[in-house]
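Asks: got a structure for you, letters missing:
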């Protein structure tokens, strides 16, 4: 094995691109409809939003780092293409921030769409002021180290979800989801169908026409009521 491809400290090739048409289509879809279209079990949990309101949609460039060390996040930013999302498995550790304002500026200049950090961030006022999409597990003023090891473009674990380089990341006020490239068209169609169903339900509810008989039927089947 090459000395430049050692598990634990390596940079793997870039994933395949995602079409601009798909990116644009997902910008119009909310994360609950995407989640509902993937059996309600494929979303990230435990991360919070550190920007104002900008939606996050883009291809994942992943980094797995030692807690408190951001060397390979710097490398991920340097190889990212415009519109990519830097997705970082920092082990959920929040004792040292992995990114801050300087890295946010670097990423913004390169056209990076945003950060997803299973770890801590700092300079949160800067993320809010710039409305640069950033989701993280926590925040602290304590800065990172830059020694490694780490890996770029390997599968990572983020808030209960495995994300691979090349997955599509979608983030909004409700949270984050990731969709594998092979499933993008199917999930998009299902999400559109879910949106239509919910719109019909809202109309029925407001008109007092929503059918509620299913509640007693379910409770009877469970032996709760006669």
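Replies: Thanks, I have it. Bear in mind the structure is a predicted one, so any value in this text is a computation, not a measurement. Numbers count the residues shown, from 1 in each chain.
Asks: packing partners for the lengthiest strand in the chain?
Replies: In the chain, taking DSSP state E as the definition, the longest strand is strand 56-65. Packing partners of strand 56-65 (3 or more CB pairs under 8 Å, 6 or more residues apart in numbering; DSSP states H and E): helix 20-26, helix 71-79, strand 85-89, strand 114-121, strand 150-152, strand 156-158, strand 168-172. No exception for glycine: its C-beta is placed from N, CA and C like everyone else's.
Asks: which pLDDT value goes with residue 5?
Replies: Residue 5 is assigned 71 on the pLDDT scale.
Asks: and the closest residue to it other than its chain neighbours, how many residues sit next to it?
Replies: Leaving aside its chain neighbours, residue 5 sits nearest to residue 12 (8.0 Å; criterion: CB to CB, 6 or more residues apart in numbering). Residue 12 has 12 neighbours, counted by other CB atoms under 10 Å.
Asks: and the gap between residue 12 and residue 99?
Replies: According to CB to CB, to the nearest Å, residue 12 and residue 99 sit 21 Å apart.
Asks: again, but for residue 53
Replies: 20 Å.
Asks: which one's more surrounded, those two?
Replies: Using other CB under 10 Å as the criterion, residue 53 and residue 99 rank with residue 99 on top: 27 against 9.
Asks: right, and the more buried one touches residue 116 too?
Replies: No - counting by CB atoms under 8 Å, residue 99 stays clear of residue 116, with 10.6 Å between them.
Asks: mind listing the shared neighbours of these two?
Replies: residue 88 (CB atoms under 8 Å, 6 or more residues apart in numbering).
Asks: quick one, phi/psi of the residue positioned nearest the centre of the chain?
Replies: Nearest to the mean C-alpha position of the chain, by CA atoms, centre = their mean, lies residue 176 at 4.2 Å. Here is the backbone geometry of residue 176 (degrees, to the nearest 10): phi -130, psi 140.
Asks: give me the low-pLDDT residue ranges for the protein?
Replies: 1-4 (pLDDT under 70).
Asks: give me the angle between the helix of greatest length in it and strand 168-172.
Replies: Longest helix in the chain by number of residues (criterion: DSSP state H): helix 184-206. Interaxial angle, helix 184-206 versus strand 168-172 (axes from the mean of the first three to the mean of the last three CA atoms, to 10 degrees): 30 degrees.
Asks: so for helix 184-206, what gets flagged as buried?
Replies: 184, 187, 188, 190, 191, 194, 195 (16 or more other CB atoms under 10 Å).
Asks: so who does the third one touch?
Replies: Just to be clear, that refers to residue 188. By CB under 8 Å, 6+ apart, the neighbours of residue 188 are 22, 25, 26, 29.
Asks: do that again at 10 Å, thanks
Replies: Counting by CB atoms under 10 Å, 6 or more residues apart in numbering, residue 188 makes contact with 22, 25, 26, 28, 29, 33, 34, 37, 168, 179.
Asks: of those residues, select the buried ones using a ChimeraX command.
Replies: Remark: buried members of the contacts of residue 188, expressed as a ChimeraX selection using 16+ other CB under 10 Å:
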select :22,25,26,29,33,34,37,168,179
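Asks: can you name the two of the contacts of residue 188 that sit furthest apart?
Replies: 22 and 33 (15.6 Å; CB to CB).
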